[in-house]
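Colleague: sequence? don't have it. structure:
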C-alpha cells in the first residue's frame, strides 16, 4: 500500500478535525458544499486526476457526477479494489483501461466525498461564500511565509558564514610572507641595503612564525572536508523533506540504528511517496522525474558522499544512535534546514575525542555496563558523578582504529 | 628437568659446536639474505637516489595539493529487507571438494561472501573447519575462473553451446553410442539423480574418479561384509588408536570430523585423568604421525607384513590359534597386548589402498570388537566412491574408440591421472568432449566445449556425507560470471526447464520430508535451509555379517617387502591437497605443519639417507622422473622412505599456481586394480643443483628455554603440575616496582591447549581471511617476511632420526608489560584498558623498534604494499595477483588494509570484540562468556583455542588460567602475556 506520507502527516489531523466541523455544519450549507475542506481533500485526487485537459494516471474528473451515481462513487473512492473485486463491470473496465494501476483506498467519510464531488461539479472552485474566509487564511499563510523567509535568510547567512570559513585561504598571506622572507634573506647576504642586521633578523623571525602557522593550519586541514557541500545529481532538499514534511531521519536512513552505515535510501524508499508526489513546489517535475527515470531504467542514483572518514577509521552509526542515544544533528548539524547538505563538523580525531571525553554514557541504564564493577562501585559511592565514554576506554586507539 | 628441543637439523648441529661459536643461525642467515638483497640493489647510483628523492617530494607535494576525490554513495534500486548495508548476513552452506566435507556458514557483507565459518549445527564437524575450507572463499574470486562458455577454444554463448551439445548428443543416441559422465565423488543425492536422468535420456555410464582413492577399502569391505562401502569411524570412542599410515587428521576420509572426535578424547581440561593413546606407524612424516603418542617408523614395503603379524598376535591373544606364526619387522606384540586389553574401545585404521592390508585391518577390528563400537557399519560414509578399475577401463575404452561422448565434471585427469598421457590420447578419440570446470585447468582446454560451472558459493546443492546426515548448500552471491551450475547444464541438455533449486526441493520433498517431524514441507525446507544440515537419524537397514575368510587368506599371503629398497610416497598435504585449490594464494603460502615449507613441493629425505648419499639440504635430485626437486632433510622420516607432496606442478592454473613445484601424480601406479601411492622401483638421481625452499621456521633459535612444556599422562596423574614445575620457580622472581594494570570490565585473554592442537593450520588461514593478512610470495618468505599473524611453531625433541614433535601456535601475546610499547617513538602501539596491545597503523612510521624488542617475534612489517592499499603504485609487491579487483573482493571491510612501511600483528580480532560488545549494549545485556570468538578459535576443529574475559571468574578462560598446566611463554621476562598455554601431555601409559 502506498500511502503518501504527506497525506498522513499533513492532512490526516486536519481532515479529522475539519471533518467533524463539517459534519456539524452539514445541515446548514448542504447546497453550498464546496467547502475549503473539500478543496484540501481534493488535493489528494489531483495527484492522479485532472479535471479536464490531459489525462494523468486516472480519468479526468469533469462530469463524473453525471457519469456515475453518488453511491457508486463513494464506494469506489473509499476502496476501489473492493469494487473491482466484486466484479462491477464498469469498475473492472475502468481498471483495465487505466493500465491496472490501483487507486489507493481513501479514508474519507461519505460527507467528505459528497463535498468533493460538489467541488468537482463547481469546476474545482469553493463556493463563493467561503472565498472571504479563504482570503483571510491566505493572509495568515502569507504571514507565515514571511516568517519562514526570514528564517531562511538567517539560515543562509549562517551557511554563508560557514562557507566563508571554508574558503578562507591562507595562500595570499603565505606568498606575501614568503616574498618578504626571501627579500630579507637576499638583502642580508647579497644586496645589503639595510645595514642593521637586527631588522633582517626580526623580519625573518616573524616571517618564519607566520609561515609555520600557515603550514600547520593547512597541514592539519589536509584530508579534512569541513564545509564540503558538493552538488548532488538530484536537487534534493532535506529542508523540504525533514522540516516541511516532518519526515523522520530514520525513515530514509533506516539502518543508522542497527548498522555501521546509516544507509542512503534505495529508490524504492523514494518511490513510496514519489509514486504519487510527482511535482514539487520549488523544482516542479524536473528533479522528481530523475527518481522516476532511475526507477524505470533500473540504474540507481549516484549520490555524492558528503561525510567521508579515512579507511583506517572504524565508525559505527548504530553504536552512536542506538546505544549512545545521540541525535543525528550532534554530528551532522541541522541537516533538516539544509537544502544542499554540507559537512558541518570537521570530523577530525580531536573532534571525536572531545565528544568521547564529555559525553555521558548510559551507565546506569544499560545492563551491559554492569561488567564494569569497579566503576559501578565508584558511581554508587558518588566518587564518580558521570561516566563518559573516555572513562571506559573510549579514547583507546583500538576502539576506532583496527 | 629441562628437555632438549631443536627446530631444525642445522640448529641441532649448531648446538654441538663449541660455546664460543653458539650464535643463533637464524640471525646469520638473515644477515646473509640481507647482504644478498643489498647486492641486488647496489646498482642504484647517486643519480637514481636523487631521481627517486625528487619524485617522492614531487608526488608528496602533488598529493597534498590535490583536492579530495569525489566519493560516490550508490544505494540499491530496491533494497531487500534482509540486506542491511554495512551489516553481515550469514547463510548456511556446505563445502565439499572431493577430499574435505564441511558444513559451513558463509558471512556475506554487502552482497559478497568474505569469510567461511564452520556450521555448529552439524553434529559431525561441530563448527570445526580446516585450512582448505577456510580458504575456499578466496576461490570464488580466483582470477583464472572461466568467465563464459567456450566452443572449440573460442568464447561462445550458452544458447550456441547448448544447441551444439544437444544435437550431438541426439546424434550419438540415434546411432546407439555411449555417453560417459566422469566425475569426482558426488555426495549430493540430487546431483546423482540429475546425472541419472541425463544418462537415462542419453544412454551411458557414470564413472567416479577419485584422485585420493579408497577403492581398496571398499573392495576389502565387499569381501568381508559382502558390500562395498566405507563405514563410519568413531575416534572419540577409541581408547587406543593404531594407525598404519592413515593421515586421519590431514587427508584421510573426513579429517575435520576426525579431528573433532580425536581431540575430544584427548582433553584434560575438565579434570579428566584419562586420554586416548595413539600409536602411529608410517614411513613419511605426516601431520597425524607427529601427533601420535608413539610413532613407529615403518618402511611402506613392510606394512602388509606388520599388519599380518599384528593380526596374528591378536589371534593368539583371542585364542584363535591355527595360523602359522608371522615374523614382524617391528615389534607388534606390545601393541597387540595394548589393543586387546582395550577390546571394544580400540580402533585400527590403515591408509593404504591395498585391498589385502585393508582386509587384515578388517579382521583385526573384528577381533577387537571394533565393529559396533568404534566402527559403525550401519552408517555408511559416502566419500571416495571411486572404483579404480572402472576408471582404468574407461581410459582403455576411450583409447579403443568405444566412447562417443564424455562429460568431465569436477575432475582434472589431464593433470592428476597417473597415466595422464594415456588419458589425453584417449580423450582425443572421443567424439564429444564437454568440460565443466570452475577455474582454469589442464583438462578443459582439451574439450570441445567448456561449460563453466558455478563456484560452490554461487550454487544450490545438497549433500549426504553419511547415512542420515544431510546438508544443503545455497548461493551466497549472484553468479559473478556467465557461468552455469553443472547440474543445471545437465538439466538443460535433457530438455528440462526445471531449475536445479526446484529439483533439489522436489528431491527432498519426495525422499527426505517423510523422515522429518515437520508438518509441512515448506516448514521443513525452510528450517533445513536455515540450519544447513538435516540429521535424520536414519541407518542402513541391511544386516552385515563379517566373514573373516578373506582376511585370513590375505594374512596367509602376506609377504614381507624389501626394506632395503627406496620407497617413494606421494601424499596430499594440508594446504593444496590434491592441487584442486593450488591457485589459492593463502594455501600456497601456508607452511606445511611438519616441514614448515611453503610455495613448493620437495623430496623429504631421512637424515641418515641424506648423509649416506652425501646430500645437503636443498640439493636438487630427480626421483622417479618427477623432475628436478630440492631435497629437504626431514627428521623422523624412515631411513629409506622418500616423500613428495601431490598437488604441485600445475601447468594451467593461473597465477600463482602455474609452475610451482613438480607434478607427483605421475608416480601413482595401479596394482591389482587400485591406485598405489607408494612406489618402490625408484632411483634417486643427484642433479647437483641447489634450489632453496621457503620455510617459515629456521630463522630463530630456541636457546634452550622451556618454551613448549610437556609431560606424560602418568606424571600428570601423579602431579598435574608436572612438566610445568619451572613456573613456580619463575613466579618467585617476578617482581616489579611499577603498579599493575587495572582492568575494570574486560581483560581479554587467550588460552591454547597444546594437547589439542594438531597443527592443521586452519587458524592461520582463518586469520588471514578475517584480518586481510597479505600474501607475500616465495621470495619474501625466503627473507623471513611472511605476514601471518598466527604461526604454529613446531619443535622436535630427542632423537634426530625419530624425534617427538610438539607444536605451539603463537600469536601476539598481548603482554601487560609489553616490551614493544615502551620503545615506540611515536606511541603507535599502546595498551588498551581491556588488556589489548593496540597497534595504530596510521600512526606507525616503521622504525621497527617494536619488532626488534618483541621476544615472541609476532610483529610483522610491511616491507611492501601487498594488498594495493598504497597510493603509490611503485610500492606494490604482488606475486600472487592479490591486488586485482576480483581478488580484493575478499577483503574484510571492517579491518584496515595496511600500506607499506607499517608494523602489524594479531589484534585478538578486536573488530569481533567491538561488534559483540555493541550487540550486548543494544540488547541491553551483559556480555556472555563465549560471545567473543576470534577467527582462529572459531576455525579450530579441535577447540584448542579458548578466548574470553579474564575478569569474569566463571568464564572458561579463567578456568583454563587456573589449571596447573597453564603457563606463559617466556614468563621469566616478566612480560605478563595474556596468552596462556596448557602443557602438552603424551600418553605413554602402556
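Modeller: Alright, I've got the coordinates. As the structure is a computational prediction, the values presented were derived from the model and not from experiment.
Colleague: Next up, the contacts around residue B:403.
Modeller: Remark: with contacts taken as Cβ atoms under 8 Å, 6 or more residues apart in numbering or on different chains, residue B:403 is in contact with B:178, B:180, B:394, B:397, B:426, B:429, B:430. (C-beta placed from N, C-alpha, C; glycine too.)
Colleague: Would it be right to say that the second one lies in a strand?
Modeller: Which is residue B:180. Yes - assessed by DSSP: H, G, I helix; E, B strand; the rest coil, residue B:180 belongs to a strand.
Colleague: how much space between the spatially closest residue to it that is not a sequence neighbour and residue B:100?
Modeller: Nearest non-adjacent residue to residue B:180, counting by Cβ to Cβ, 6 or more residues apart in numbering or on different chains: residue B:406, 4.8 Å away. Distance, residue B:406 to residue B:100, by Cβ to Cβ, to the nearest Å: 26 Å.
Colleague: sorry, back to before: give me the buried subset of the contacts of residue B:403.
Modeller: For the contacts of residue B:403, a neighbour count by 16 or more other Cβ atoms under 10 Å in any protein chain shown gives the buried set as B:178, B:180, B:394, B:397, B:426, B:430.
Colleague: of all those, which two lie farthest apart?
Modeller: The largest separation in the buried ones among the contacts of residue B:403, counting by Cβ to Cβ, is between B:178 and B:426 at 13.3 Å.
Colleague: Same question for the helix or strand hosting residue B:462: list its buried residues.
Modeller: Under the criterion of DSSP states H and E, residue B:462 resides in strand B:461-466. Under the neighbour-count criterion of 16+ other Cβ under 10 Å, strand B:461-466 has B:461, B:462, B:463, B:464, B:465, B:466 buried.
Colleague: pLDDT score for the fifth one?
Modeller: What that stands for is residue B:465. The model reports residue B:465 with a pLDDT of 94.
Colleague: Same list (the contacts of residue B:403) but as JSON lines, adding secondary structure and pLDDT.
Modeller: Formatted as JSON lines, those follow (DSSP: H, G, I helix; E, B strand; the rest coil; pLDDT from 0 to 100):
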{"residue": "B:178", "secondary structure": "coil", "pLDDT": "93"}
{"residue": "B:180", "secondary structure": "strand", "pLDDT": "95"}
{"residue": "B:394", "secondary structure": "helix", "pLDDT": "95"}
{"residue": "B:397", "secondary structure": "helix", "pLDDT": "95"}
{"residue": "B:426", "secondary structure": "helix", "pLDDT": "95"}
{"residue": "B:429", "secondary structure": "coil", "pLDDT": "94"}
{"residue": "B:430", "secondary structure": "coil", "pLDDT": "94"}
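Colleague: which of those lies closest to residue B:494?
Modeller: residue B:180 (15.8 Å).
Colleague: how near is that closest one to residue B:146?
Modeller: 22 Å.
Colleague: Residue B:301 now?
Modeller: 43 Å.
Colleague: what's the answer for residue B:326, then?
Modeller: Counting by Cβ to Cβ, the gap from residue B:326 to residue B:146 is 54 Å.
Colleague: which parts of the stretch 301-402 of chain A sit against chain B?
Modeller: Remark: the part of the stretch 301-402 of chain A in contact with chain B comprises A:301-305, A:308, A:310-312, A:314, A:316-319, A:322-323, A:366-368, A:370-375, A:392-393, A:396-399, A:401-402, using Cβ under 8 Å from any Cβ of the partner chain.
Colleague: let's see it at 6 Å
Modeller: Residues of the stretch 301-402 of chain A lying near chain B by Cβ under 6 Å from any Cβ of the partner chain: A:302-305, A:308, A:312, A:319, A:322-323, A:366-368, A:370-372, A:374-375, A:393, A:396-398, A:401-402.
Colleague: any idea what residue B:106 is structurally, helix, strand or coil?
Modeller: Strictly by three-state DSSP, residue B:106 counts as strand.
Colleague: Distance of residue B:655 relative to chain A?
Modeller: Remark: distance between residue B:655 and chain A (Cβ to the nearest Cβ, to the nearest Å) = 26 Å.
Colleague: With adjacent residues omitted, what lies nearest to that residue?
Modeller: residue B:881 (4.5 Å).
Colleague: Wait, a strand at the one you found?
Modeller: No - the assignment for residue B:881, made by three-state DSSP, is coil rather than a strand.
Colleague: Could you report the pLDDT at it?
Modeller: 91.
Colleague: nearest spatial neighbour of the residue in chain B that chain A sits nearest to, skipping sequence neighbours?
Modeller: Minimum separation of chain B from chain A (Cβ to the nearest Cβ) falls at residue B:86, amounting to 3.2 Å. The shortest distance from residue B:86 to any non-neighbouring residue, by Cβ to Cβ, 6+ apart, is to residue A:261 (3.2 Å).
Colleague: before we move on, which element is that neighbour in?
Modeller: Using DSSP H and E, no helix or strand contains residue A:261.
Colleague: My guess is it contacts residue B:87. True?
Modeller: No - Residue A:261 lies out of contact with residue B:87 (Cβ atoms under 6 Å); the separation is 8.0 Å.
Colleague: what's the first-to-last distance across stretch B:646-663?
Modeller: The straight-line separation of the ends of stretch B:646-663 (Cα to Cα, to the nearest Å) is 7 Å.
Colleague: Pull out the buried residues from stretch A:379-391.
Modeller: Applying 16+ other Cβ under 10 Å to stretch A:379-391 flags A:379, A:384, A:387, A:388, A:389, A:390, A:391 as buried.
Colleague: what does stretch B:958-972 give?
Modeller: Neighbour-count burial for stretch B:958-972 [16+ other Cβ under 10 Å]: B:958, B:959, B:960, B:961, B:963, B:965, B:966, B:967, B:968, B:969, B:970, B:971.
Colleague: what does stretch B:593-610 give?
Modeller: B:593-607, B:609-610.
Colleague: what do you get for stretch B:490-498?
Modeller: B:490, B:491, B:492, B:493, B:494, B:496.
Colleague: if I pick the fifth one, what's in contact with it?
Modeller: When contacts are counted by Cβ atoms under 6 Å, 6 or more residues apart in numbering or on different chains, residue B:494 touches B:197, B:198, B:201.
Colleague: With residue B:199 as the reference, measure out to it.
Modeller: In terms of Cβ to Cβ, residue B:494 sits 9 Å off from residue B:199.
Colleague: that older thread, for the residue nearest to residue B:86, give its distance to residue B:286.
Modeller: Where residue B:286 is concerned, residue A:261 sits at a distance of 47 Å (Cβ to Cβ).
Colleague: Over to residue B:837?
Modeller: Look at residue B:837 and residue B:286: by Cβ to Cβ, they are 36 Å apart.
Colleague: Between the two, which has more neighbouring residues?
Modeller: residue B:286 (30 against 27; other Cβ atoms under 10 Å in any protein chain shown).
Colleague: How about the contacts made by that one?
Modeller: Residue B:286 sits next to residue B:247 when contact means Cβ under 6 Å, 6+ apart.
Colleague: mind checking pLDDT for it?
Modeller: 94.
Colleague: any idea how far residue B:760 is from it?
Modeller: 12 Å.
Colleague: How many residues are close by the residue in the stretch 251-400 of chain A positioned nearest to chain B?
Modeller: Taking Cβ to the nearest Cβ, chain B has its nearest neighbour within the stretch 251-400 of chain A at residue A:261, 3.2 Å off. For residue A:261, the neighbour count with other Cβ under 10 Å is 19.
Colleague: and if you look at residue B:840?
Modeller: If we define neighbours as other Cβ under 10 Å, then residue B:840 has 21 of them.
Colleague: Before I go, just wanted to say thanks for your time.
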